[in-house]
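1. With the sequence up front, the predicted model follows.
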Amino acid sequence: MTLLTIKRLASDIMKVGVNKVRIDPENIGRANEALTRNDVRVLISDGVVYAMPKGGRRANKKRHGGKGHGSRKGSKNSRTPQKRDWMARVRSQRKYLVQLVADNSVNKKDKRSIYMKIKSGIFKSKKSMHVYLKENNLMVEKEKK
């Protein structure tokens, strides 16, 4: 068996890359006599074939917990403040719309179009929505007694 084949089999047995496998230069003759995978296993157990130790920056970085291992600055909600703000704004506007429909200040037929405008983010606040309803005569003023 050639030395390359022995290295390939040894890398498969030891679960390391082929380039990490070394053969002891004093026992190359003994390594050439190996014919089977079991012979390669015997060479590994005798120390004729061995794997180089792991090294390099990557292993070092993992061991010392470098950046990028799930360490996150800020709270869970700090990543999407725009969505939180949008949700709060839309929910308050929708509640206000329901209240206006319940008071009969806004017709039910206009409710859907106003609802879709809220959803699209046309109104910046409840106040701007109120102004829009008044300007477009969508809101009926109740008579004061």
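-> Noted; the coordinates are in hand. Residues are numbered from 1 along each chain as shown.
2. can we go C-alpha only for contacts and neighbour counts from here?
-> Fine.
3. which secondary element of the protein has the worst mean pLDDT?
-> helix 57-63 (a mean of 60; mean pLDDT, DSSP states H and E).
4. Buried residues, the next helix or strand after it. List them.
-> Where DSSP states H and E defines the elements, the next helix or strand beyond helix 57-63 is helix 81-102. Across helix 81-102, burial judged by 16 or more other Cα atoms under 10 Å covers Arg89, Val90, Gln93, Arg94, Leu97, Val98, Leu100, Val101.
5. got a list of what the closest residue to the third one other than its chain neighbours touches?
-> Spelled out, it's Gln93. Nearest in space to Gln93, with sequence neighbours left out and distances taken as Cα to Cα, 6 or more residues apart in numbering, is Lys126 at 5.5 Å. Contact analysis of Lys126 by Cα atoms under 8 Å, 6 or more residues apart in numbering lists Arg89, Ser92, Gln93, Tyr96.
6. With Gln99 instead?
-> No contacts exist for Gln99 under Cα under 8 Å, 6+ apart.
7. What is the neighbour count of Lys111?
-> 16 (other Cα atoms under 10 Å).
8. would you turn the contacts of Lys126 into a markdown table with distance to Arg22 and pLDDT?
-> Output for those, formatted as a markdown table (distance: Cα to Cα, whole Å; pLDDT from 0 to 100):
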| residue | distance to Arg22 | pLDDT |
| --- | --- | --- |
| Arg89 | 66 | 94 |
| Ser92 | 70 | 96 |
| Gln93 | 72 | 96 |
| Tyr96 | 76 | 96 |
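9. which one among those residues gets closest to Ala34?
-> Relative to Ala34, the closest of these is Arg89; by Cα to Cα it sits at 75.9 Å.
10. In this structure the closest one contacts Ser128, no?
-> No: in this structure, Arg89 is not within contact of Ser128 by Cα atoms under 8 Å, at 11.5 Å.
11. Give me the common contacts of these two.
-> Residues touching both Arg89 and Ser128 by Cα under 8 Å, 6+ apart: none at all.
12. Where does the prediction get shaky in this protein?
-> In the predicted model, the chain carries pLDDT under 70 at residues 56-79, 142-145.
13. can we see that at 50?
-> 145 (pLDDT under 50).
14. what's the domain layout of it?
-> Following automatic domain parsing, one gets these domains for the chain: 3-56, 78-135.
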